[in-house]
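Engineer: sequence and predicted structure, then a few things I'm wondering about:
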Amino acid sequence: MIAYKYTFVMNSKNVYIETFGCQMNVNDSERIVTMLADIGYLPVKTPADADMILLNTCSVRGGAEEKVYRRLENLTALKRTKKHLIIGVGGCVAQQEGEALLQKLPGLDLVFGTHNLHLLNDMVQAAERGERRSETAFIDNNQRLELFPPVKGMTRVSSFVTVMQGCDNYCSYCIVPYVRGQEISRRSTEILDEVRQLAAAGVREIALLGQNVNSYGLKSAGEPAFAELIRQVAAVDGIQRIRFFTSHPKDMSDDLIACFAEIPALCGHIHLPAQSGSDAVLARMKRGYTRREYLEKIRSLKSARPGIVFTGDMIVGFPGETDEQFEETLTLMEEVRYIDLFSFAYSPRPGTEAAELAEDLSREEKQRRLERLQALQKRITLEICSAYLDTTQTVLAEGEGKRPGQVSGKADNGRTVNFIGDKSLIGTFADVRIIQVFQNTLLGELV
Ligand code: SAM
Ligand code: SF4
């Protein structure tokens, strides 16, 4: 749960934000909350309580636009009883569809693209005067660096800090470079200021975010490389845990791998998507590494930090994927032994290179492969997690659990651990013995 704290608010109005997709979108929504506070909006948890509803959207996989249209149709119906309600769309679907969204949906007031957050408050004030606006122009990198509003006022013990945005990799299936724009790294001085402020406010864990986080700094003269940035974040007083998402295997440098041996605050978990276990498919995906190179990185990480756990992303049914190539993905999973995996059936995205390739697999065949992969992952997850039974894990308690009296937090390996404990533990580290293992969580008791 996200808690917000503001000391000075004029003319309080309420905003409800619904966030789709990745952690970067979650962090952008936090940024939106920070900005809207300046014009008197406070976040609420239900659309019914809102004066303004914003959808922060994702279009990475097919069907996203339809989902957003359907959701917006439902939400715009609320305008029948609440005439002053403002409705807006941001994020990747907004970037992709732009003005067309305003044309298709008469109840929609504003559309803001992925480079236009800085215009949001003006747009909202225009909507309050009855104007409808769409802003989706990409802006150049120098201007983007100046316009990176920090997140303020959060009281979460584990916080996201975006360090880079956009992507220049152009994997052949992926829409991100088209809707998020060119890769850009934030200034390290600003990142460290933000981390220091968060630490002073009680934050103990920092998750550094970027679409391709480990290419941080590579294209910015004067900025450190990602490994060095991690060392600088680890040196900030009060920061006891660091995570980062999402790394690209081709940018997993030896120096970054060495950080896992050197820096105790760096958690023993890495999200390192392979996407496929077949060299032929990886080449068609334009991923820039082979299966052997990927597995070498995994081996180096395992020796740098014994016990490290891996999560990843995998796509099944990429155009031309044969049965044998799909089997290679399953054998890669057995070799890596991911603790968890996000798996997707390939869906063509408009404007991408792969969308030009003939789709030779039926929807049923893709689904069959996805189910096989997910059944294998389920088994591996349970095998790995069963080994945690009876071990003591240090858990950073982040909030209340779903069951009464439970506190919930994360172990160093990123698994969610629930245990019976007093709410006063939230924000602190607790030693918890694992007594039961589930597919997505661990159950423990205070030691
Ligand atoms: N930057 C990350 C990387 O390189 O691994 C991934 C970011 S992407 C927003 C999240 C995941 O969505 C990808 O890792 C991929 O598995 C999946 N994805 C992207 N495009 C897809 C598509 N066209 N069809 C199915 N899954 C897709
Ligand atoms: Fe998409 Fe590839 Fe960039 Fe990841 S690295 S965001 S998959 S283009």
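Structural biologist: All right, it came through fine. Ligands and ions are numbered 1, 2, ... in the order given.
Engineer: any buried residues in the lowest-mean-pLDDT helix or strand in the chain, and which?
Structural biologist: When each helix and strand of the chain is scored by mean pLDDT, DSSP states H and E, helix 141-146 comes last, with a mean of 81. Under the neighbour-count criterion of 16 or more other CB atoms under 10 Å, helix 141-146 has Arg144 buried. Every C-beta, even on glycine, is put in place using the N, C-alpha and C of the backbone.
Engineer: for the helix or strand just after that helix, name the packing helices and strands.
Structural biologist: Moving toward the C-terminus from helix 141-146, the next helix or strand (DSSP states H and E) is strand 158-162. Judged by 3 or more CB pairs under 8 Å, 6 or more residues apart in numbering; DSSP states H and E, strand 158-162 is in contact with helix 23-37, helix 188-200, strand 205-209.
Engineer: ok, back up a step: which residues are contacting the least confident helix or strand of the chain?
Structural biologist: His115, Gln165, Gln182, Ile184, Arg186, Arg187 (CB atoms under 8 Å, 6 or more residues apart in numbering).
Engineer: only whichever of these are buried, select them in ChimeraX.
Structural biologist: Applying 16+ other CB under 10 Å to the contacts of helix 141-146, the buried members can be selected in ChimeraX as follows:
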select :115,165,184,186
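Engineer: next, Gly130: phi, psi?
Structural biologist: The phi and psi values for Gly130, taken as degrees, to the nearest 10, are phi 90, psi 10.
Engineer: run through the residues that contact it.
Structural biologist: Gly130 makes contact with no residue, according to CB under 8 Å, 6+ apart.
Engineer: at 10 Å instead, please
Structural biologist: Contact analysis of Gly130 by CB atoms under 10 Å, 6 or more residues apart in numbering lists His84, Ile86, Asp109.
Engineer: ok, it to ligand 2 distance?
Structural biologist: Gly130 sits 38 Å away from ligand 2, taking CB to the nearest ligand atom, to the nearest Å as the criterion.
Engineer: output the least confident helix or strand of the chain as PDB, nothing but the C-alphas.
Structural biologist: Taking Å, rounded to 0.1, in the frame of the first residue of the first chain, the C-alpha atoms of helix 141-146 are listed here in PDB:
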ATOM      1  CA  ASN A 141      17.000  14.800 -24.400                       C
ATOM      2  CA  ASN A 142      18.400  18.000 -23.000                       C
ATOM      3  CA  GLN A 143      14.900  19.300 -22.200                       C
ATOM      4  CA  ARG A 144      13.900  15.900 -20.800                       C
ATOM      5  CA  LEU A 145      16.800  16.100 -18.300                       C
ATOM      6  CA  GLU A 146      15.500  19.400 -17.000                       C
END
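Engineer: and the strands in the stretch 301-447 of the chain, which stretches?
Structural biologist: 309-316, 340-345, 392-400, 406-411, 416-420, 429-437, 441-446 (DSSP state E, counting those that start in this stretch).
Engineer: what's the fifth one in contact with?
Structural biologist: In this case it means strand 416-420. With CB under 10 Å, 6+ apart, strand 416-420 has contacts from 388, 393-398, 400-411, 425, 430, 432-436, 438, 440-447.
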